[in-house]
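Engineer: Structure of the sequence below:
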Amino acid sequence: MSGTISIETLSEGPGPKYKRVADAIRRAVERGDLTQGDKLPPVRDLAWTLKITPGTVARAYGLLTDQRILTAEIGRGTFVANPEEPSSALVPIEVDVVPHGGLADTQSDEVNLFSPHLPCVGQAELIRGLLGQIAQDPPSGLMHYPSRSSAKPAREAVLNWLSSVALGPIQQQNIVLAHGGQNAIMLVFQAVLRGPRPAILVEELSYPGFRRAAELMRADVIPVAMDKDGVLPDALEVAILSNPNAQIFCTSPDVQNPTCSFTPEDRRQEVVRIVQRHDVQILEDDCYHLGRTLAPSYRRLAPGRSWYVSSISKLITPALRIGFAVAPDGQDSTLRRAAEHGFFGLATPISDLCAVLLGHPQIHDLTAKMQEISNDYVKRAVNVLGSYDLSWRQDVPFLWLMLPEGWRAGSFCRAAEGQGVQIRSAEEFACREANSPHAVRFAVNAGISADTFEAAMLRLRNLLDNPPEQIGV
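Structural biologist: Numbers count the residues shown, from 1 in each chain. Alright, predicted model coming up:
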């Protein structure tokens, strides 16, 4: 590929950058600079050379594969195709990125806002087609246990998928595939926690899955005070000193669940100094992060003690249960053992699907459309409830509402359910013994029409504007 594409080439001509990359490769094939069977560089290598994102290169390769100029062989790489022979790669699936008006509403007025519900803009059709192709000729076969080698293409696809996250130096062998983000958290706990009575540290309002995983590991949970920027460093240090069995701090710094807050880099640096001083690990849950990273991850700031977990549940679909954990430097084998001793690995058809799905040239357009639709629902919620103490962020599919004086979270949730709207109380995000604020979290449900969602917001607004006589009871 030397001389075929240059940074200068990409600055010339109209159209998206990925099409310019594809055009440059196509011209190289036409000139004979690249010939049948020539192997193209891995996506990340060419992206590094051209100073562009791996996703841009992946889209260019995918476009040329669809046009039968290139052929992609799972586990081997991307090659110049033989135009006289049919491609041996998976047949391209064309999926229209369709407008979304929500699924057809049922006759029920019940609106479930407990957890985010993604809109379907074509990803179901894409997955259905890829599943059919994999069923016909599964790259990993159907008669073998999962193995590290059979899952390598999926790990490489995840590596490219995570290219926009500031994780620091990372290779595919640092990644372990899991059955969703919650399973990835369990794997990290199994790799880290030691002794008869270990303990984990969490922000005083935090993802309930941390506590559920800790319960399965017979670990104590220690809540730590927080503010609008996340955990308070002084409170974290006091909690560690007061609990000698504390072994890992669990947090979601990019999108704090449930408050929507963001932990800035200077606060992260303070946290890193404390955990390094007391030899405590960090678990960073990034399952709700949908946009570009705004600050370095803990794995980048503290590469020897930070674990990272995420999944495709909030970006593509939660149905496939594809998640992943990234180990700190030197801890790959510990994390792999937790998975291999627990379930051997993902079913090979699922890891094969992960490889082709995350690398599909249309997946970025589909996820961008889903985010656009989700953001429209958030905007509608803010337009209705914005006069109250509402926390929200673009690209985050839930909102946090501090209730006005007089309302208690439990009574407000019951009143909302009486109006057909199901939301979560702040109590669900706090430890059992802790005091929780009078607040609620509600998620974007893009499986219903935008008008139905907005009507649910109006019902919440009516409750806030007209509290019942027995308010606070």
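Engineer: Show me the shaky parts of the stretch 251-400 of the chain.
Structural biologist: Residues of the stretch 251-400 of the chain meeting the criterion pLDDT under 70: 290-292.
Engineer: Tell me how many other residues crowd Pro169.
Structural biologist: Neighbour count of Pro169, defined by other CB atoms under 10 Å: 9. For glycine as for every other residue, the C-beta is placed from the backbone atoms N, C-alpha and C.
Engineer: Check whether it really touches Arg299, as I assumed.
Structural biologist: No. Under the criterion of CB atoms under 8 Å, Pro169 makes no contact with Arg299, lying 9.5 Å away.
Engineer: anything in contact with each of these two?
Structural biologist: Counting by CB atoms under 8 Å, 6 or more residues apart in numbering, Pro169 and Arg299 have no shared contacts at all.
Engineer: The stretch 201-350 of the chain: strands as residue ranges?
Structural biologist: 220-224, 226-227, 230-231, 246-251, 281-285, 306-311, 323-326 (DSSP state E, counting those that start in this stretch).
Engineer: Please disregard the earlier target; I meant the stretch 351-473 of the chain.
Structural biologist: Along the stretch 351-473 of the chain, counting by DSSP E, counting those that start in this stretch, strands occupy 389-391, 398-402, 421-422, 424-425, 439-443.
Engineer: can you tell me which of the ones you listed comes nearest to Gly141?
Structural biologist: With CB to CB as the measure, strand 439-443 is the member of the strands of the stretch 351-473 of the chain nearest Gly141 (39.3 Å).
Engineer: List the contacts of that closest one.
Structural biologist: Applying CB under 8 Å, 6+ apart, the set of residues contacting strand 439-443 from outside is 113-117, 258, 381, 397-403, 409, 412-413, 416, 421, 423-426, 429, 460.
Engineer: Within its sheet, name the partner strands of that strand and how each one runs.
Structural biologist: strand 398-402 (antiparallel), strand 424-425 (antiparallel) (DSSP bridges).
Engineer: most packed of these?
Structural biologist: With neighbours taken as mean count of other CB atoms under 10 Å, the strands paired with strand 439-443 reach their highest mean count in strand 398-402, at a mean of 23.
Engineer: And that strand, how far out from the chain middle?
Structural biologist: Averaging C-alpha positions (CA atoms, centre = their mean, to the nearest Å) puts strand 398-402 20 Å from its chain's average.
Engineer: contacting residues around it?
Structural biologist: For strand 398-402, the external contacting residues (CB under 8 Å, 6+ apart) are 116, 257-260, 288, 378, 381-382, 385, 388-392, 437-444, 460.
Engineer: Let's see it as PDB, backbone CA atoms only.
Structural biologist: Extracted as PDB, the C-alpha positions of strand 398-402 are listed here (Å, rounded to 0.1, in the frame of the first residue of the first chain):
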ATOM      1  CA  PHE A 398     -32.200   8.600  30.300                       C
ATOM      2  CA  LEU A 399     -32.900  11.700  32.400                       C
ATOM      3  CA  TRP A 400     -32.700  12.500  36.100                       C
ATOM      4  CA  LEU A 401     -35.400  14.500  37.800                       C
ATOM      5  CA  MET A 402     -35.000  16.100  41.300                       C
END
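Engineer: mind listing what the residue nearest the centre of the chain touches?
Structural biologist: Nearest to the mean C-alpha position of the chain, counting by CA atoms, centre = their mean, stands Cys287 at 3.7 Å. By CB under 8 Å, 6+ apart, the residues touching Cys287 are 181, 252, 309-311, 313-314, 323.
Engineer: related to what we said a few turns ago, can you flag the buried ones in the contacts of strand 439-443?
Structural biologist: Among the contacts of strand 439-443, those classed as buried by 16 or more other CB atoms under 10 Å are 113, 115-117, 258, 381, 397-403, 409, 412-413, 416, 421, 423-426, 429, 460.
Engineer: Please report the number of neighbouring residues for the closest residue to Gln394 other than its chain neighbours.
Structural biologist: If the residues on either side of it in the chain are set aside, Gln394 comes closest to Asn375, at 5.6 Å by CB to CB, 6 or more residues apart in numbering. The tally of other residues near Asn375 (other CB under 10 Å) stands at 17.
Engineer: which residues in the stretch 351-473 of the chain form helices?
Structural biologist: For the stretch 351-473 of the chain, the helices defined by DSSP state H, counting those that start in this stretch occupy 363-385, 409-418, 450-465.
Engineer: Just the residues contacting the last one, thanks.
Structural biologist: Spelled out, it's helix 450-465. With CB under 8 Å, 6+ apart as the criterion, helix 450-465 contacts 101-102, 105, 111, 113, 376-377, 380-381, 384-385, 388, 401, 403-404, 407, 412, 415-416, 419-421, 423, 442, 444-446.
Engineer: Show me which residues of it are buried.
Structural biologist: Neighbour counts over helix 450-465 (16+ other CB under 10 Å) mark 450, 452-457, 459-461, 463-464 as buried.
Engineer: Then the longest one?
Structural biologist: Of the residues in helix 363-385, those buried under the neighbour-count criterion (16+ other CB under 10 Å) are 363-364, 366-367, 369-371, 373-378, 380-381, 384-385.
Engineer: returning to that earlier point: mind putting the strands of the stretch 351-473 of the chain in a markdown table, distance to Met226 included?
Structural biologist: As requested, the strands of the stretch 351-473 of the chain are exported to a markdown table (distance: least, CB to CB, whole Å):
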| stretch | distance to Met226 |
| --- | --- |
| strand 389-391 | 13 |
| strand 398-402 | 13 |
| strand 421-422 | 26 |
| strand 424-425 | 18 |
| strand 439-443 | 13 |
